[in-house]
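K.L.:
the sequence and its predicted three-dimensional model are supplied below.
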Amino acid sequence: MVMCNDRCRDMLPSINDLLEPGRPFAEQLDSGLARGQFNIPGEDIVAWREARLAEHANPTGRPFLIALPGDRWLQSMERRIPDGGIVGILSDVSALKATQAEIERLAQRNVTILESVDDGIFGMDMAGKATFVNRAAAALMGYSAAELVGSEIVPLLGADLDTAGNLYRVLRHGRTSFRDDEASFRRKDRSELPVEYIASPVVEKGRQVGVVVGFRDITQRRQVEMQLREAKEAAEAGNRAKSEFLATMSHEIRTPMNGVIGMTGLLLDTALNDEQRHFAETIRDSGESLLTVINDILDFSKMEAGKLELDYTEFELVPLVESVVDILAPRAHAKGIEIASLIDPNLRMLVRSDPGRLRQVLMNLAGNAVKFTHQGGVSIEVSTVKASGDAHMVRFDIKDTGIGIAPEAQNRLFSMFSQVDASTARRYGGTGLGLAISKRLAELMGGSVGIESVVGKGSRFWITIPMELLARQSATPPDLSGRRILVVDDNPVNCDVLERQLKAYDLEVRAVPDAGAGMTELTSAAAAGRPWEVALIDSQMPLVTGSEMVRMIRAIPMLAQTRIIVTSSQGVLGERDEMAPIDAFLHKPLRQASVLDAIGRVLGIAAPCVESDAVPDNAPAPQGGRRLRILVAEDNPVNQQVALGLLRKLGHSVDVVGDGAEALEAVRLLPYDLVLMDVQMPEMDGLEATAAIRALTTPVARIPIVAMTANAMRGDDQRCLDAGMDGYISKPIDRRKLMDVLAQYSASTLEHKPLPVENPPQFVTVDFDVLDTLAEDIEAETVVAILEKFLEDARARTITARESGSTGDLERVRREAHTIKGAAASLGLHGIRDICLDLENAARAGDGVPQCVDELHQRVEALPGQLAATQYALPPE
């Protein structure tokens, strides 16, 4: 050694005494090793010593790292100078080594993370070459990491154009990160790998240096999605099949129901006594209720699809509630219980709501009450709880004295397919749908439902519905204020309802439970000079019956002025012959208006409450003074009679034929004003007959034709209109709706316009507004060229669909229909669009494909004729 500075001595404190001029380098090195000055990695000290001495003997200027105790590091760089000596520079690089160690640790951790994930991750430099590829990426693609690193990776992945474009866009511009995109990569073996990927730019010091891409194998997810899609399509097909089945069954049931309701309506139009009218009205109401039940079968499916719609209209609330009671009364009386209604007098007016759905809810709740009650009775009480302008919140309380419901079971009552418990389901039956549907209906109408119940004592179900109370009221009851009425009935439900009902009209009322108490009241009141004017007596009381009590009353002179009204749930006419004279007889359940009217009549206060629906025999001519000559095409004899009776009662001339072929012949022979056409008939159905009539070249081709059908499927009305019919009315035929239809064609100014000769069939509906809008943008000539191309393509695809259907390739049929549908919709060809939608559904369901293909063919071929007289006429072929 020649010399060293103080900094060098500070760096090597263990051999400081050897750092003197004249000391050999080898001696300094060996002493340092002996004193622990150097922390030699590993155990090969001799090899390290030889390497250090060799570097010193022939210095190259390269850095030589020297480890010191305490994680300190020195870097030595030695260089020979011209005089043959050596100059060495020592630097403390401990901080640098610590930083490098931390970088290596982090890098190793990142490598561990990258290699531990199941998702593939790779990086690219700005040239698109892979800078790193984790194990998962290499395994997923079937390469080794070495095969990918350094190569242009996007072409190796075989990504589709969109994916490759996305990756290069991130690489070139660095402004967009694509998340959750899906693509197909190509493995080394050329198989496809469906992936979900994310690409993000890598930026260092504000400059993009590459892109990192993460991707995930979604093969299993795609399989699950396909299974879910197939399951969904299968479920939808099942639902469609269920709906078709329900619609078919609805048709089969509606046809005889049409006869029941229609003939009952005709019966009510004849001269009937009160008892006969009551029976007939009950038959009619029961029939309408059964029809409602038939319709309700479809409600569950409609609710599942979210397609249940409400029909708000004006109706009288009191008759609706009382009709529910009438319908349930036979069932209640058969069990030995009573059912009654109590309605706020302020609700004796027209209201606006959905009467069909309200009746459905009340029938369900009251029907359940009857089912679960074995003694006592059931009542429906109606009141208003809140008002805001014309809108009132009307509350319906359905009370029973039945088995009651435990609190823990009440919470699940309104769930689909739920019963109180299994034993209840076994004993009483039921699907568990009724209450759930009732709850949904109440909520749809803006109301709510609830329950209060005590096990062993009974239940109170309530429902609140907002209703608009209209100014026009129903008939006013007689003024009975202050009249004294005694009610004698062993059933507490009847006593309570009658007492509260009559007090609401300011009558003085007392109710007693048996004949003995009744006789005591009658005689004591008469002796006191305040006799009971009317005794309302139940005929079926224990111990002393109503008949016996009547005889007792008639035998007492002081009760000679007492008016007697007997009530009975048996409805046996002969019973009155065995009684002493009575003043009136009422069937149970008692209608509010009937009770008030009977009391008024026996007291000589004539103000009938019940308005008759009967149509007089000398009914006036239809509106406009023009009677119609109507042809009814109907194959069912009962429905023929109903139609004849209704139409003749309304003052029209009617002929009846049994099928479509006879209808076609009839309109050729006689000048009819209107045809009522049943859709489903043998030989030639209503749609075929309509098409044949419309194809005639005489003026009769434009005769108005109104469809009559019992089918319940949504879309049937449109099919009737597409076939050329002018209107649609569903069975059973409602008289008021029929009158509305007839009113459209009975005006004296009605004229029939002849059908132009050679007019093409109206298979296709074209929205010319769509075509005109296109023409404004791209010229009419271009639109014609597009239509010509559409026609060519649609014809070819229709042929393909027909061939695919014959070979069972329904998926190909669906795709062809879908393609035509999209193009047709863009051009405003709604008729073709609609049949393509039907064809898609038929292909999914595997049923009705040939018929839909035939219809599609007809509509496509009819298109040139539809366009012929417009600026979009197609060139001749």
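P.N.:
Now that the structure is in, tell me what you want to look at. Keep in mind it's a predicted model, so treat the numbers as computed, not measured. Numbering: from 1, shown residues only.
K.L.:
all contacts plus neighbour counts: C-alpha atoms, from now on.
P.N.:
Fine.
K.L.:
any stretches of the stretch 751-877 of the chain with poor pLDDT?
P.N.:
751-764, 777-778, 877 (pLDDT under 70).
K.L.:
which residue is the nearest non-sequential neighbour of residue 114?
P.N.:
residue 134 (5.8 Å; CA to CA, 6 or more residues apart in numbering).
K.L.:
what separation is there between that neighbour and residue 116?
P.N.:
9 Å (CA to CA, to the nearest Å).
K.L.:
which one of those two has more residues nearby?
P.N.:
Between residue 134 and residue 116, counted using other CA atoms under 10 Å, residue 134 has the larger neighbour count: 23 against 12.
K.L.:
list the residues that contact the more buried one.
P.N.:
114-115, 120-122, 145 (CA atoms under 8 Å, 6 or more residues apart in numbering).
K.L.:
hey, what's residue 706 bridged with?
P.N.:
Beta-bridge partners for residue 706, by DSSP bridges, are residue 676, residue 727.
K.L.:
could you chop the chain up by domain?
P.N.:
Domain ranges of the chain: 6-99, 117-217, 310-473, 484-602, 629-743, 768-867, per automatic domain parsing.
K.L.:
make a markdown table out of those domains and add distance to residue 224.
P.N.:
What follows is these, written out as a markdown table (distance: least, CA to CA, whole Å):
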| stretch | distance to residue 224 |
| --- | --- |
| domain 6-99 | 49 |
| domain 117-217 | 13 |
| domain 310-473 | 28 |
| domain 484-602 | 59 |
| domain 629-743 | 33 |
| domain 768-867 | 19 |
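K.L.:
out of these, which is closest to residue 259?
P.N.:
domain 629-743 (5.5 Å; CA to CA).
K.L.:
so what would you say the end-to-end distance of that closest one is?
P.N.:
Termini of domain 629-743 sit 13 Å apart (CA to CA).
K.L.:
got it, and stretch 652-670?
P.N.:
One end of stretch 652-670 sits 15 Å from the other (CA to CA).
K.L.:
tell me the mean pLDDT for that stretch?
P.N.:
Average pLDDT, stretch 652-670: 82.
K.L.:
buried residues in it?
P.N.:
652-664, 666-668 (16 or more other CA atoms under 10 Å).
K.L.:
residue ranges of the helices in the stretch 301-450 of the chain, please?
P.N.:
Using DSSP state H, counting those that start in this stretch, the helices assigned to the stretch 301-450 of the chain run over residues 317-334, 355-371, 407-410, 422-428, 434-444.
K.L.:
turn the ones you listed into a markdown table, columns for mean pLDDT.
P.N.:
Shown next, in a markdown table, are these (pLDDT from 0 to 100):
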| stretch | mean pLDDT |
| --- | --- |
| helix 317-334 | 86 |
| helix 355-371 | 90 |
| helix 407-410 | 78 |
| helix 422-428 | 44 |
| helix 434-444 | 85 |
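K.L.:
among those helices, which is nearest residue 151?
P.N.:
So among those, helix 434-444 is nearest, using CA to CA, at 63.6 Å.
K.L.:
would you mark the buried spots in the closest one?
P.N.:
434-442.
K.L.:
ok, residue 324 touching residue 360?
P.N.:
No: counting by CA atoms under 8 Å, residue 324 sits too far from residue 360 to count as a contact (9.2 Å).
K.L.:
could you dump the buried residues of helix 434-444 into a markdown table with distance to residue 209 added?
P.N.:
Conversion of the buried residues of helix 434-444 to a markdown table gives the following (distance: CA to CA, whole Å):
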| residue | distance to residue 209 |
| --- | --- |
| 434 | 67 |
| 435 | 67 |
| 436 | 63 |
| 437 | 63 |
| 438 | 66 |
| 439 | 63 |
| 440 | 61 |
| 441 | 63 |
| 442 | 64 |
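K.L.:
where along the stretch 701-850 of the chain do the helices fall?
P.N.:
Under DSSP H, counting those that start in this stretch, the stretch 701-850 of the chain gives helices at 716-722, 735-743, 768-778, 780-807, 810-826, 830-845, 849-867.
K.L.:
with the stretch 51-200 of the chain instead?
P.N.:
So, for the stretch 51-200 of the chain - with DSSP H, counting those that start in this stretch - the helices run 94-116, 135-141, 145-148, 153-157, 161-173.
K.L.:
using CSV, please lay out the ones you listed together with distance to residue 508 and mean pLDDT.
P.N.:
Shown next, in CSV, are these (distance: least, CA to CA, whole Å; pLDDT from 0 to 100):
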stretch, distance to residue 508, mean pLDDT
helix 94-116, 91, 77
helix 135-141, 92, 91
helix 145-148, 101, 90
helix 153-157, 96, 84
helix 161-173, 88, 78
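K.L.:
deepest of the ones you listed, which one?
P.N.:
helix 135-141 (a mean of 20; mean count of other CA atoms under 10 Å).
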